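K.L.:
model this:
(chains A, B and C)
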Amino acid sequence: MSGSQRLISTIVALFLPILSQEVRAAETAGPQELILAAYSVPKEAYEKRIIPAFRQQWKQRTGQEVRIRSSYGASGAQARAIIGGFQADIAALSLEGDLAQVAKAGLITHNWRDGPHQGIVTASIVAFGVRKGNPKGIKTWEDLAKPGVEVLYPNPKTSGGAMWDIIAIYGAGLKLAEPKQGPTYTASLLKRIQKNVKVMDKSGRESMTTFERGVADVIVTYENELLPRIKAGRPYEVVIPAETLLVENPVAVIDRNVDKHRVRDVAEAFVVFLRSEEAQRAFIEFGFRPVEPAVVGTQAAALFPRPAHLFTIGELGGWEKVEGLLFGPQGVWTRTVEELAREQ
Amino acid sequence: MRKLLIATVWLYFGILLIGPIAYLCRQAMSDGVAAFWGEITRPEAVHGFKLTTEITVIVLVLNLIFGTVTALVLARQQFKGRTLLSGLIDLPFAVSPVIAGFMLVPLFGPETLLGMFFGALEIKVLFAVPAMVLATLFVTFPFVVRELTPVLQTLGKAGEESARTLGANEWQVFLKVTLPAVRWGLVYGATLTIARAIGEFGAVLVVSGNVLLLTQTATLHIYQSYVDFNYVGAYAVAMVLIVVSFAILTVLEVARVRATASDG
Amino acid sequence: MKPQTLASIALRSAAIGYVLCLVLLPLLVIGKQSLAGGLASFLEDIRQPQAAAAIVLTLEMALVTTMIHAVFGTLSALALIRYEFPGRWFLNAVVDLPFAIPTLVAGLMIAAIYGTTSPLGAWLQQGGIAVLYDTPGIVLAMLFVTMPFMIRAVQPVLMELEREQEEAAYTLGAGRWATFWKVIVPGMMPGLLTGVFLTFVRALGEFGSVVIVAGNIPMKTQVAPVYVYGEIESYNPRGATSVSVLILLISFAALVIMERLTRPPGERLPILVHRRLTVEPLNR
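P.N.:
Reported below is the predicted structural model:
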């Protein structure tokens, strides 16, 4: 063989395995494989408990093996990837707004909000994580605004978690304010807390790792981020403010992809499974609040204290309205940040 | 004066480079050798190493071919727009890898010409290995060209011309005269390409889909470990990447020194 | 046509085609996205307070990085070429490492050693020096990833520089400083300029390491690539691409200026020579 022939055959030999792997992947994404795109936080819950349990149940029920490929990343990034062509069959995201974007792009054609619990599978609340012993005595939102207290939460532009956190501040402010003083007080509260933020990571998880690295006195995050870490022995405490936001995480089947891959029955079974007792108990184990009443009655009431003034995004006007109000170009948070920068 | 200079240089390297790397290695080993080994032999880590290797090899071959072609053109030919071409070649240095990844979405997305073309062929480009290869190709593109062009220039055409007058055809001239003369430029360009491809993160994060055990390169696995609070795991795999790159760089150095010495 | 000419044309078309497809096309695509609304919307995007602040901060940080490397990188190159000292081979080998280390890892490493959980970080914090999450952290990250550029650009040019020239000047009575400023520095100008521009351009676009070590507070410690990422993630691709296009234009302009400035007289192409150090010192 001449040199050039050898070169060409080497290249072909190199390309072939990669391409054929891809083609094969497309072929076998038939009845046996599901692709799950989830936000980063529930990874352990899915990988360690829920996916294996579902596979077993499906095998018992239908005799079929199902393989679940999973991807975990920031909720917004996952939504965008799905819109950009990532062929996920199921999306388990942090907030409704991201799922709505996927639906808007035409990938979800059924009304996922019509399902049980309006499409929600897990819940949590926005809480504070403080160092063991709570040296700065942090109990309320106003404590976060005190000078000398360093606060941590991620950037709402890139993190769904941060959006939950800031909306919680906003809602708490409205609840705490004197009648008719709502918007003024809450803007002031938000500004004073934001002033105490020195670092904004790009995701909730990264925020948690920054907290673990010794930065800040208090982290504002999901309760379910803090509980497993404390269980793993980290020296933190959870402080639940009296007024806080109920976090609700939705799941939906991506119609266009399940039909393309012909896996609709498995995918829908998986979503149903997420609300089964087995799955909900698994979620509890990893710090999530369950949505199914059957489970709620027994264990959850004991494990998860109910904040005195819990509010939901619905009460505040819904995701679209609140997102625009806080994070749009003229949004309360956007303007707060700009004002703070100018004042320095 | 000389001592001060050398001390300054050591300090400069120490603060910027050696300190952080040494600390990383220490953290990687902080749970003991067994834990370190366990982390780098986990299925996710092994898959990551394999995928990184695959992508690096493909990118290397493509860059060697097209980089050489481009270098030949730049070094030997005069034509309008040559400066522009030359400037374009350096541009991947300037593009943030995240952008490099995002550029592929409007190109290969499901609503685009290319996207629909490949979709019809049942070939997944975005959120699969091909897109990761393309993104890595983009960021490693300048290396071979930049290493080869000046060497080719310095070489001059004399050798090639005499080969031609002796009756060799273009292909033979290239293989037997040009290539051997520029082999060290090629090798150094290849080394930098490998090193950069191994380390690529931002672009593949965006276009890979980050599917566990399917499209996670070693670097993506490091990120996953880090956000899973598995710091030792992240540092351990990172250390492997650093050691491998360092080994490649050192082997090249030693080989080159030996070759120069024997060339006389 | 002579076979040689045919081959030349084929080669040229292949090269141009490849560069256009791989480099230009994707860039045009994002250019199109940002300019889809016309020049007015492009200007509006980059004049948003957060965007403008991010761009300015990035330029400042990149400039500081470049200046630091211009001094210390050049000194390092000098030391590595001129003097034999224990460990020289090691330093020379690790210079290229930042190319190989994922930017994420670079960020993690710097955050680990200079953060408050490490002994060094704690000591610095007691001394009142805040490295991480403030502008020094950003500069550190940029310094790390751009380290090879200056040294590798200056080294070969220094090698080319005839040692005799320097010695001649010295024996003719010029002091060490005079020799340095009047002989060495002008001689290595092409390498220095190349290093400066490449460092600057690379620092402008750095994301993976900076996002870990910077506070990323908008208008305070948020660099342009992080701002761009934020805009993409919040469904504002137009704003993101506008800022990216601006940074790219600045980079492209810098690169073209570099090409022009570093052309040796009489030649048509710049010298960006990366030749490795040989063990024996320069001895002609």
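
K.L.:
going by C-alpha atoms from here, please, whenever you check contacts or count neighbours.
P.N.:
Will do.

K.L.:
which residue does the stretch 101-250 of chain C bring closest to chain A?
P.N.:
Nearest to chain A in the stretch 101-250 of chain C, going by C-alpha to the nearest C-alpha, is C:Gly215, at a distance of 3.9 Å.

K.L.:
again with chain B
P.N.:
Ranking the residues of chain B by distance to chain A (C-alpha to the nearest C-alpha) places B:Val211 first, at 4.3 Å.

K.L.:
identify the bridge partners of the closest residue to that residue other than its chain neighbours.
P.N.:
In space, and not counting its chain neighbours, B:Val211 is closest to A:Ser71: 4.3 Å by C-alpha to C-alpha, 6 or more residues apart in numbering or on different chains. When assigned by DSSP bridges, A:Ser71 has beta-bridge partners A:Ala37, B:Val211.

K.L.:
tell me, how many residues neighbour A:Ser71?
P.N.:
A count of neighbours around A:Ser71, defined by other C-alpha atoms under 10 Å in any protein chain shown, yields 24.

K.L.:
that one contacts A:Leu36, correct?
P.N.:
Yes - A contact is recorded between A:Ser71 and A:Leu36 when judged using C-alpha atoms under 8 Å, the distance being 6.2 Å.

K.L.:
now do the helices in the stretch 151-264 of chain B.
P.N.:
With DSSP state H, counting those that start in this stretch as the criterion, the stretch 151-264 of chain B has helices at B:158-165, B:170-172, B:179-181, B:183-199, B:202-207, B:218-227, B:231-263.

K.L.:
quick one: closest of these to B:Met116.
P.N.:
Using C-alpha to C-alpha as the criterion, the shortest distance between B:Met116 and the helices of the stretch 151-264 of chain B is 17.1 Å, found for helix B:202-207.

K.L.:
just the residues contacting the closest one, thanks.
P.N.:
Outside helix B:202-207, the residues within contact range by C-alpha atoms under 8 Å, 6 or more residues apart in numbering or on different chains are A:81, B:96-102, B:104-105, B:126-128, B:131-132, B:135-136, B:220, C:103, C:207-208.

K.L.:
identify the residues contacting the closest residue to chain B within the stretch 101-250 of chain C.
P.N.:
Of the stretch 101-250 of chain C, the residue with the smallest distance to chain B, taken as C-alpha to the nearest C-alpha, is C:Pro102 at 4.0 Å. C:Pro102 is in contact with B:Ile198, B:Gly199, B:Glu200, B:Phe201, B:Thr219, counting by C-alpha under 8 Å, 6+ apart.

K.L.:
just the buried ones from those?
P.N.:
In terms of neighbour count (16 or more other C-alpha atoms under 10 Å in any protein chain shown), the buried residues within the contacts of C:Pro102 are B:Ile198, B:Gly199, B:Glu200, B:Phe201, B:Thr219.

K.L.:
pull the most distant pair out of those residues.
P.N.:
The largest separation in those, counting by C-alpha to C-alpha, is between B:Ile198 and B:Phe201 at 8.7 Å.

K.L.:
flag the shaky bits of the chain, pLDDT-wise.
P.N.:
Since no chain was named, I'll use chain A. A:1-31, A:295-301 (pLDDT under 70).

K.L.:
wrong chain, I was asking about chain C
P.N.:
Segments of chain C classed as low confidence (criterion: pLDDT under 70) are C:1-4, C:162-170, C:174-180, C:263-284.

K.L.:
so which bits of the helix or strand in which A:Val130 is found are buried?
P.N.:
Using DSSP states H and E, A:Val130 sits in strand A:120-131. Judged by neighbour count (16+ other C-alpha under 10 Å), strand A:120-131 contains these buried residues: A:Ile120, A:Val121, A:Thr122, A:Ala123, A:Ser124, A:Ile125, A:Val126, A:Ala127, A:Phe128, A:Gly129, A:Val130, A:Arg131.

K.L.:
quick check: the gap between the fourth one and chain C.
P.N.:
Which is A:Ala123. As for A:Ala123, its distance to chain C is 23 Å (criterion: C-alpha to the nearest C-alpha, to the nearest Å).

K.L.:
from A:Ala92, how far off is that residue?
P.N.:
Taken as C-alpha to C-alpha, to the nearest Å, the spacing of A:Ala123 relative to A:Ala92 amounts to 12 Å.

K.L.:
cool, the fifth one as well?
P.N.:
Shown here: A:Ser124 relative to A:Ala92, a distance of 15 Å by C-alpha to C-alpha.

K.L.:
with the third one instead?
P.N.:
Applying C-alpha to C-alpha, one obtains 10 Å for the distance of A:Thr122 from A:Ala92.

K.L.:
chain center to the longest helix along chain C: distance?
P.N.:
Longest among the helix segments of chain C by residue count, using DSSP state H, is helix C:49-82. Relative to the chain's own centre, helix C:49-82 is displaced by 8 Å; criterion: C-alpha atoms, centre = their mean, to the nearest Å.

K.L.:
list the buried residues for that helix?
P.N.:
Within helix C:49-82, the residues scored as buried using 16+ other C-alpha under 10 Å are C:50-55, C:57-59, C:61-66, C:69-70, C:72-82.

K.L.:
one more: stretch A:138-147?
P.N.:
Taking 16+ other C-alpha under 10 Å as the neighbour-count basis, stretch A:138-147 is seen to contain the buried residues A:Ile138, A:Trp141, A:Leu144, A:Ala145.

K.L.:
where does the stretch 151-300 of chain A get nearest to chain C, which residue?
P.N.:
With C-alpha to the nearest C-alpha as the measure, the residue in the stretch 151-300 of chain A that lies nearest chain C is A:Val199; the distance is 3.9 Å.

K.L.:
give the helix, strand or coil label for the residue nearest to that residue when sequence neighbours are not counted.
P.N.:
If you skip the residues right next to it in sequence, A:Val199 has C:Gly215 as its closest partner in space, 3.9 Å away by C-alpha to C-alpha, 6+ apart. Reducing the assignment to helix, strand or coil with DSSP: H, G, I helix; E, B strand; the rest coil, the entry for C:Gly215 is coil.

K.L.:
contacting residues around C:Gly215?
P.N.:
C:Gly215 makes contact with A:Lys198, A:Val199, A:Met200, A:Asp201, C:Leu132, C:Tyr133, C:Asp134, C:Thr221, C:Gln222 under the criterion C-alpha under 8 Å, 6+ apart.
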